[in-house]
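Asker: structure, please.
(one chain, ligands or ions: 1)
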Amino acid sequence: MKAIVCTKYGPPDVLQLRQVEKPAPKDDEVLIKIYATAVTASDIFIRSSQVPIRVLIPFRLMMGVTRPRKSIIGLVLAGEIESIGKNVKRFKTGDQVYGLTGFDLGAYAEYKCMKETDSTHGCLATKPTNISYEEATMVSYGGLLALQFMEKGNIQRGQKVLVYGASGTTGTTAIQYAKYLGAKVTAVCSTANVELVKSLGADAVIDYTREDTLNPGVQYNYILDAVGKNKTSKLKEVCKKALAPGGKYASIDDGALLLDSKRLALIKELVESGHIKPVIDRCYPLEELVEAHRYVGRGHKRGGVAITVS
Ligand SMILES: NC(=O)c1ccc[n+]([C@@H]2O[C@H](COP(=O)([O-])OP(=O)(O)OC[C@H]3O[C@@H](n4cnc5c(N)ncnc54)[C@H](OP(=O)(O)O)[C@@H]3O)[C@@H](O)[C@H]2O)c1
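Answerer: All right, here's what the predicted structure looks like:
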């Protein structure tokens with residue numbers, strides 16, 4: 001099968017297209033024919049190994065010392081079940097699925113074996129029926145992050161929520177989920193993305209490239225930093241102090257992403273009922289994955305970047 005192999009840590013061209021052996025499912029695994037994957041912020045960290053210095057040693061011990069131990073990287077997949085092991089109960093041949101591969105990686109390939117149960121090695125669920133495989137890769141990664149971190153806010157109808165970094169994969173989903181919960185949503189993004197976040201339902205938009213302050217007295221019940229601790233602005237520092245009494249501030253980097261197929265099932269419902277729409281910035285074929293990594297590495301994608309595998 002075709003796969004992209006990460007030959008060492010480094011710039012995007014360490015990723016090389018190779019022919020590798022097609023995997024075969026064990027008794028408790030499904031074999032997925034992958035139709036689409038995505039280039040996520042996590043993939044950029046893993047390929048480049050450009051992580052904060054305090055976590056570099058644990059990162060290398062966990063992922064591999066000079067190159068990823070799992071040479072086929074990629075965290076997100078959508079595809080069809082081609083065959084199943086004899087103990088598999090949740091899925092059958094022909095099911096259309098989407099999910100994350102966790103520490104097992106391996107989504108930059110034509111096939112992947114996964115267990116049907118959730119673990120740090122992945123989670124899998126039936127794909128929303130009304131979107132493409134490429135779109136499904138957007139709402140799995142961004143959706144799991146957005147739902148997990150929005151749930152931390154225990155958001156009640158009518159409460160004020162601010163999503164900082166509203167134009168990324170997680171931010172675009174977080175706005176829509178907060179609206180679904182009945183919140184009044186303020187989205188923070190740059191000028192180029194103002195119309196996008198309004199179209200996703202934001203009630204108010206603040207452009208962090210033009211504004212350094214918030215209106216005096218404005219207070220939020222929940223503030224989610226959806227771009228992470230490496231990306232900041234003067235406005236972000238101001239936002240942190242604009243909490244209503246009892247309000248909460250959370251960064252998307254506070255705690256590990258939970259691989260949870262129940263949340264994937266909820267995302268499926270929200271997509272099928274029209275409450276969450278995937279946002280794809282660009283789509284590349286697998287053969288152009290290096291270009292896709294260059295683009296995502298610049299840090300300004302709108303929504304996500306999908307990869308068509310076959
Ligand atoms: N907790 C976990 O286990 C876990 C797992 C995976 C990822 N994460 C975190 O999740 C983050 C988000 O990933 P993602 O893929 O959703 O984001 P992303 O799509 O990579 O974010 C890109 C967006 O960030 C915006 N942006 C860049 N610099 C900004 C700034 N200074 N202020 C505001 N917005 C800015 C860009 O908008 P403009 O072009 O308008 O600037 C762009 O739309 C990752 O970076 C990582 O830190 C956490």
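
Asker: show the residue spans covered by the strands in the chain.
Answerer: For the chain, applying DSSP state E gives strands covering 2-6, 15-19, 29-39, 76-84, 96-100, 111-115, 123-126, 160-164, 184-189, 204-207, 220-225, 243-251, 280-285, 304-308.

Asker: other residues contacting the fifth one?
Answerer: Meaning strand 96-100. Contacts made with strand 96-100 from outside it, assessed by C-beta atoms under 8 Å, 6 or more residues apart in numbering, are listed as 30, 32, 75-81, 91, 114, 122-129, 133, 136-137, 139-141, 144, 257, 259, 261, 264. Every residue, glycine included, has its C-beta placed from N, CA and C.

Asker: just the buried ones from the residues you listed?
Answerer: The neighbour-count criterion (16 or more other C-beta atoms under 10 Å) marks 30, 32, 75-81, 91, 114, 122-128, 133, 136-137, 139-141, 144, 257, 259, 261, 264 among the contacts of strand 96-100 as buried.

Asker: near the ligand, from the residues you listed?
Answerer: Contacts with the ligand are made by residue 257 out of the buried ones among the contacts of strand 96-100, judged by C-beta under 6 Å from any ligand atom.

Asker: adding mean pLDDT as columns, could you present the strands of the chain in JSON lines?
Answerer: JSON lines is the format used below for those (pLDDT from 0 to 100):
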{"stretch": "strand 2-6", "mean pLDDT": "98"}
{"stretch": "strand 15-19", "mean pLDDT": "98"}
{"stretch": "strand 29-39", "mean pLDDT": "98"}
{"stretch": "strand 76-84", "mean pLDDT": "98"}
{"stretch": "strand 96-100", "mean pLDDT": "98"}
{"stretch": "strand 111-115", "mean pLDDT": "98"}
{"stretch": "strand 123-126", "mean pLDDT": "98"}
{"stretch": "strand 160-164", "mean pLDDT": "98"}
{"stretch": "strand 184-189", "mean pLDDT": "98"}
{"stretch": "strand 204-207", "mean pLDDT": "98"}
{"stretch": "strand 220-225", "mean pLDDT": "98"}
{"stretch": "strand 243-251", "mean pLDDT": "97"}
{"stretch": "strand 280-285", "mean pLDDT": "98"}
{"stretch": "strand 304-308", "mean pLDDT": "98"}
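
Asker: return the most buried member of those strands.
Answerer: Mean neighbour counts were compared across the strands of the chain using mean count of other C-beta atoms under 10 Å; the top stretch is strand 160-164, at a mean of 28.

Asker: that strand: how far from the chain's middle?
Answerer: 19 Å (C-alpha atoms, centre = their mean, to the nearest Å).

Asker: relative orientation of that strand and strand 220-225 in degrees?
Answerer: Angular relation of strand 160-164 and strand 220-225 on a 0 to 180 degree scale: 10 degrees, by axes from the mean of the first three to the mean of the last three C-alpha atoms, to 10 degrees.

Asker: what does this protein put close to the ligand?
Answerer: Residues of the chain found near the ligand (C-beta under 6 Å from any ligand atom) are 40-42, 142, 145, 165, 167-170, 189-190, 192-193, 208, 227-228, 231-233, 252-253, 255-257, 299-302.

Asker: repeat that with 5 Å
Answerer: Taking C-beta under 5 Å from any ligand atom as the criterion, the neighbours of the ligand within the chain are 41-42, 165, 167-170, 189-190, 193, 227-228, 231, 233, 252-253, 256-257, 300.
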